[in-house]
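Engineer: what follows is a predicted protein model with its sequence.
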Amino acid sequence: MKAIFVCFDTLCRRMLPNYGNDWIKAPNFARLAERTVTFDTAYVGSMPCMPARREFHTGRYNFLHRSWGPLEPFDESTPEILTRHGVYTHIVTDHQHYWEDGGGSYLQRYRTFEMVRGQEGDPWKGHVADPEIPDGLKKQRGEMYRQDWINRSYMKKEEAMPQAQVFGLGAEFIRTNRAQDNWFLQIETFDPHEPFFTQPEYKKLYPHNYTGPHYDWPDYAPVTETPEQVEHVRYEYAALLSMCDHYLGTVIDLMDELNMWDDTLLIVSTDHGFLLGEHDWWAKAVQPWYQEIAHIPLFVWDPRSRKQGERRQSLAQWIDFAPTLLEYFNVPIPETMQGTSLKDKVNDDKPGRPAGLFGIHGGHVNITDGRYVYMRAPVEAANNPLFEYTLMPNHMRNRFGVEELQNLALAEPFNFTRGMRPLKIESRGMRSAHSFGTMLFDLDNDPKQDNPIIDDEVERRMIGLMVEWMKWNDAPAEQFERLGLPADGEIRPEHLLLARQHAQALKAREKRVPLPPYTGPGAVFLKQPLKEIITIPEGKALVEKYFAFLLDSSTIKMVSAASIEQIASYMPGSLTPASMEGFAREMADRADGELNGATKEAGKLQERL
């Protein structure tokens, strides 16, 4: 028996012909639907990229216990388990997060692995001189943006692009091992993740009259662009998706050519979607996990049942992939895994779990039963208490900072840590989560989630499911406190948040109007890059006073090139007008004789302005 998992990143369900799209050119996804079972109720779990991949390895939710990070010493990894049981495991990937600090223990769980460099801001080719970067609309610029333009200069032709190389190496593995048995291959591309960079032949599929600035990489922020600019970005995404469709077709062709449908399990899916202007937002993670992000495509071919061209309504999530592979290869499933094999769902749509949990560490906790989606916000703006439980203290692109590890403790073991006591480290979570409020959507009557509803009876039922699922996941006790949920006992009126937070939920859903710029004393300091401000002791002290979360080791790396004003535009609720004015005034007060020469020059600039 053989198995292939084709994994895309940021593959939007609504953009596929299999799910009703009538303008994206993706004929191979249509072919795929003819050869597989299409799941209509597939959802994300732990978000985003690496937490999802940790679910793939471990078959259990992880977002309630820690944020983005490596596999833990106590994690039971499916590729590693398969290898121990005589199944050859191999991955080919261009997903650069695997070789960052927060992904450094995943690839080593496969028997062999191949890495293709150059996606997004992967620190690949070294150029001391700055690259030529066209004028564009992207505000969130920094080292990663600079590096991406260096990387692009090495991708003049399609065959040089990482996705093309990944699928070529995947085909090489298949041809090399076609006569062998008992192997698992993971073909994983970062596309169609932003930036939406591809070759002209795919862009030509979507002609449109756009004469504006370069724009293929939207910020993680509210939409402030013109309708023409939004449309252009969607076409840029579509072009990259059509490239993904082309290379998916090479896998289908190879399975046809080598008669692999008789003995090869095929799974095709993605980790999450992406907002392309829907809900007046770009991207993911900084806003609630709307359907466009959380409701994902999933296609499965099982050679044992040979079901194809059919649809399934059973709920499926990433936690189900691990037990699916283990069961397929007749390998025992560890008790720590929460998912279940998709075999029976593929065969006859046998119902499984009645609900699915999903979310990001320190953000909304969400649950769906297929009809309703309940998004539970933190009960207070402070969004605490909240802790990380880990033995691998790494963030996405850096290690935990020294300041984060000053007050750590050893926690008691959880039911999945196999007797190990993890570190307990205070976490700041998602700063804007509370501002969006708690929301409930009826997907049967409001599939686009335009109108959050208040229904006490449904909220009570969804709270009951959420509490049950959190306990099943052995969630830390403080998560119930953070969310205002009853860890034990009945659900009382004070636990219902929909009515209490409805006004703030509606306000958060209004189209965001940029704050009027502050023009008083010290205004210039709100326009300087944060990285310049914090090089000055007095400046860093005031950032610590007013915006301490910006100095987190994981946050500062992402926002250091932006100004306070720019950060406020894409972190709603985190930087208030009052805090920005207070910061600016104190900076102005200290500018006279206390700041260094560089900042004095900024003060002179302020006077000129």
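Structural biologist: Happy to help now that I have it.
Engineer: mind listing the helices for the stretch 351-500 of the chain?
Structural biologist: In the stretch 351-500 of the chain, the helices defined using DSSP state H, counting those that start in this stretch lie at 433-436, 456-472, 477-483.
Engineer: give me the distance from stretch 453-468 to the chain's centre.
Structural biologist: When distances are taken as C-alpha atoms, centre = their mean, to the nearest Å, stretch 453-468 is centred 26 Å away from the chain's centroid.
Engineer: touching it from outside, list them.
Structural biologist: 354-355, 357, 365, 367, 369, 372, 374, 376, 440-442, 446, 480, 485-487, 491, 495-499, 502 (C-beta atoms under 8 Å, 6 or more residues apart in numbering). Every residue, glycine included, has its C-beta placed from N, CA and C.
Engineer: contacting residues for L64?
Structural biologist: L64 sits in contact with G359, H361, V365, M470, N473, A475, P476, Q479, where contact means C-beta under 8 Å, 6+ apart.
Engineer: over to S105?
Structural biologist: Each residue near S105 by C-beta under 8 Å, 6+ apart is listed here: P70, L71, M392.
Engineer: can you do 10 Å?
Structural biologist: R54, H57, G69, P70, L71, E72, P73, D75, S77, Y98, M392, N394 (C-beta atoms under 10 Å, 6 or more residues apart in numbering).
Engineer: report how many residues lie close to the fifth one.
Structural biologist: Counted with other C-beta atoms under 10 Å, residues neighbouring L71 total 22.
Engineer: in a helix, it, correct?
Structural biologist: No. Secondary structure of L71 (DSSP: H, G, I helix; E, B strand; the rest coil): coil, not part of a helix.
Engineer: now it: closest residue in space, sequence neighbours ignored.
Structural biologist: Closest residue to L71 apart from its sequence neighbours, by C-beta to C-beta, 6 or more residues apart in numbering: S105 at 4.4 Å.
Engineer: tell me which of the helices of the stretch 351-500 of the chain lies nearest to A42.
Structural biologist: Closest of the helices of the stretch 351-500 of the chain to A42 is helix 456-472, at 17.2 Å (criterion: C-beta to C-beta).
Engineer: buried ones in the closest one?
Structural biologist: By 16 or more other C-beta atoms under 10 Å, the buried positions in helix 456-472 come out as V458, E459, R460, R461, M462, I463, L465, M466, V467, W469, M470.
Engineer: gap between D101 and S560?
Structural biologist: 17 Å (C-beta to C-beta, to the nearest Å).
Engineer: what's the answer for L185, then?
Structural biologist: Distance from L185 to S560, by C-beta to C-beta: 39 Å.
Engineer: so between these two, which is more surrounded?
Structural biologist: L185 (21 against 17).
Engineer: show me what that one is bridged to.
Structural biologist: I4, H90 (DSSP bridges).
Engineer: which residues touch it?
Structural biologist: Counting by C-beta under 10 Å, 6+ apart, L185 has contacts 2-6, 88-92, 110, 170, 173-174, 177, 251, 264.
Engineer: where's P303, which helix or strand?
Structural biologist: Assigned by DSSP states H and E, P303 belongs to neither a helix nor a strand.
Engineer: which ones are touching it?
Structural biologist: By C-beta under 10 Å, 6+ apart, the contact list for P303 reads M1, K2, A3, M260, W261, D262, D263, T264, L265, L266, Y328.
Engineer: please apply the same query to V6.
Structural biologist: Applying C-beta under 10 Å, 6+ apart, the residues contacting V6 are 32, 166-167, 170, 185-189, 244, 247-248, 251-252, 266-270, 299.
Engineer: could you list which of those belong to helices?
Structural biologist: With helices taken from DSSP state H, the overlap with those comprises L32, V166, F167, G170, C244, Y247, L248, V251, I252.
Engineer: of all these, which comes closest to G339?
Structural biologist: For these, with G339 as the reference and C-beta to C-beta as the criterion, the closest is L32, at 22.7 Å.
Engineer: residues near that closest one, how many?
Structural biologist: Neighbour tally, L32, other C-beta under 10 Å: 26.
Engineer: quick one: contacts for it?
Structural biologist: Counted by C-beta under 10 Å, 6+ apart, L32 has contacts 6, 16-18, 26, 38, 245, 248-249, 251-252, 266, 268, 297, 299, 301, 308.
Engineer: measure it to P134 for me?
Structural biologist: From L32 over to P134 (counting by C-beta to C-beta), the distance is 36 Å.
Engineer: and if you look at M260?
Structural biologist: Taking C-beta to C-beta, one finds M260 at 44 Å from P134.
Engineer: got it, and E459?
Structural biologist: 49 Å.
Engineer: same question, L266
Structural biologist: From L266 to P134 the distance is 40 Å (C-beta to C-beta).
Engineer: quick one: which of the two has more around it?
Structural biologist: Between L266 and P134, counted using other C-beta under 10 Å, the more crowded position is L266 (22 against 8).
Engineer: now the phi/psi pair for the residue nearest to that one when sequence neighbours are not counted, please.
Structural biologist: Nearest residue to L266 in three dimensions, chain neighbours excluded: W301, at 4.2 Å (C-beta to C-beta, 6+ apart). For W301, the backbone dihedrals are phi -110, psi 120 (criterion: degrees, to the nearest 10).
Engineer: who's in contact with W301?
Structural biologist: Contacts of W301 by C-beta under 10 Å, 6+ apart are 4, 32, 35-37, 255, 260-261, 264-268, 307-308, 346.
Engineer: next one: K448
Structural biologist: R14, E278, H279, Y290, Q291, E292, F441.
Engineer: mind checking how far it is from E292?
Structural biologist: From K448 over to E292 (counting by C-beta to C-beta), the distance is 9 Å.
Engineer: now, of the contacts of stretch 453-468, which are buried?
Structural biologist: Buried among the contacts of stretch 453-468 by 16+ other C-beta under 10 Å: 355, 357, 365, 367, 369, 372, 374, 376, 440-442, 480, 485, 495-498, 502.
Engineer: tell me which of these fall in strands.
Structural biologist: In this view, the buried ones among the contacts of stretch 453-468 that belong to strands under DSSP state E are L357, V365, I367, Y372, Y374, R376, L440, F441, D442.
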